[in-house]
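Colleague: How does the following fold in three dimensions:
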Amino acid sequence: MGLVCAIANIYVLIVIARTISTFFPISSGSPLLPVVDFLYKATEPVFAPIRRVLPTVGPFDFTPVVVIIGVNIVARILGC
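Modeller: Sure, this is the predicted structure:
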């Protein structure tokens with residue numbers, strides 16, 4: 001169960017990092033571009049279906065919050 005808990009914690013950190021990265025403009029020449037690309041590739045498969053169902057509230061995107069809560073629920077069910 002330790003591996004599952006570690007993966008859940010790492011994924012939550014990836015979601016948080018992606019959320020924070022949206023506040024900073026990243027240009028095409030930035031050395032951080034590969035990191036931001038990784039964050040998007042790691043989270044978008046989970047974010048996209050939730051965005052289709054979850055209505056947006058003005059400029060706020062609550063998708064990361066839903067994902068973090070979901071990951072924590074699954075982790076607790078699995079014994080973390």
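
Colleague: CA only for contacts and neighbour counts going forward, please
Modeller: Will do.

Colleague: got a list of what the residue nearest the centre of the chain touches?
Modeller: Nearest residue to the geometric centre of the chain (C-alpha atoms, centre = their mean): Val15, 2.4 Å. Going by C-alpha atoms under 8 Å, 6 or more residues apart in numbering, Val15 touches Leu39, Thr43, Pro64, Val67, Ile68.

Colleague: is it fair to say it lies in a helix?
Modeller: Yes: assignment of Val15 by DSSP: H, G, I helix; E, B strand; the rest coil places it within a helix.

Colleague: will you turn the contacts of Val15 into CSV that also has secondary structure, pLDDT and neighbour count?
Modeller: Output for the contacts of Val15, formatted as CSV (DSSP: H, G, I helix; E, B strand; the rest coil; pLDDT from 0 to 100; neighbours: other C-alpha atoms under 10 Å):
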residue, secondary structure, pLDDT, neighbour count
Leu39, helix, 96, 19
Thr43, helix, 97, 17
Pro64, helix, 96, 19
Val67, helix, 97, 18
Ile68, helix, 97, 18
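
Colleague: what ranges do the helices span in this protein?
Modeller: Using DSSP state H, the helices assigned to the chain run over residues 2-21, 33-53, 63-77.

Colleague: just so I know, which of those lies nearest Ser27?
Modeller: With C-alpha to C-alpha as the measure, helix 33-53 is the member of the helices of the chain nearest Ser27 (7.4 Å).

Colleague: what angle separates that closest one from helix 2-21?
Modeller: 90 degrees (axes from the mean of the first three to the mean of the last three C-alpha atoms, to 10 degrees).

Colleague: List the buried residues for helix 33-53?
Modeller: Residues of helix 33-53 classed as buried: Val36, Leu39, Tyr40, Thr43, Phe47, Ile50, Arg51 (neighbour count, 16 or more other C-alpha atoms under 10 Å).
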